[in-house]
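1. Got a sequence here, can you model it:
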Amino acid sequence: MTAVLINRRAVLGAGVVCAAALPAMAQDRRMTAYKTPWCGCCDGWVAHMRAAGWTVEVIELEDLAPVRARHGVPDRLAGCHTAVAGDYAIEGHVPASDVARLLRDRPAAVALSAPGMPAGSPGMEAAGREPYVTLLIDRQGRTTVFGRHNGA
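-> Predicted coordinates for the structure are as follows:
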């Protein structure tokens, strides 16, 4: 009888360990993107994310400021669209590789931003190519460089 209890505990314990490891191994690749109806470069960014294997639900709004405010993105770091993936806001033309790393590493932050509309970022390829960074935004609105792109 004792051996059976030990085996059951071992099996149950292994199940808990495996279930706990699932989020780390399998990344949720769904997001919601909020954009204005008239922005074509946002459509280009959504296409970039979908090509990288993300499922993107698009919601069109005329004013994105309330979405940014709700997710802790300061206006000074705004892009032309805001997405939400997991617990994070993704502001502007952030590359899919940075979004994947953000969700894999799960840093203490509220958002990741590529402020403005950097030329050569996903969705902005037709505008040329310039160096730019993606910024990790903490709860106080402070930033640190998360990624460097196009030679930044």
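2. okay, CA-based contacts and neighbour counts for the rest of this
-> Fine.
3. Of all residues in this structure, which one is nearest the centre?
-> Residue closest to the average C-alpha location in the chain (Cα atoms, centre = their mean): V99, at 4.0 Å.
4. residue boundaries of the helices in the protein?
-> For the chain, helices defined by DSSP state H occupy the ranges 2-25, 40-51, 65-70, 96-105.
5. Mean pLDDT lowest where, among the ones you listed?
-> Lowest mean pLDDT within these: helix 2-25, at a mean of 38.
6. from what I can see C41 touches M124, true?
-> Yes - using Cα atoms under 8 Å, C41 is in contact with M124, at 6.1 Å.
7. These two: which is more packed in?
-> Between C41 and M124, counted using other Cα atoms under 10 Å, C41 has the larger neighbour count: 21 against 18.
8. any idea how far the more buried one lies from G128?
-> 13 Å (Cα to Cα, to the nearest Å).
9. Pull the number of nearby residues for the closest residue to A85 other than its chain neighbours.
-> The shortest distance from A85 to any non-neighbouring residue, by Cα to Cα, 6 or more residues apart in numbering, is to M31 (4.5 Å). Using other Cα under 10 Å, M31 has 19 neighbouring residues.
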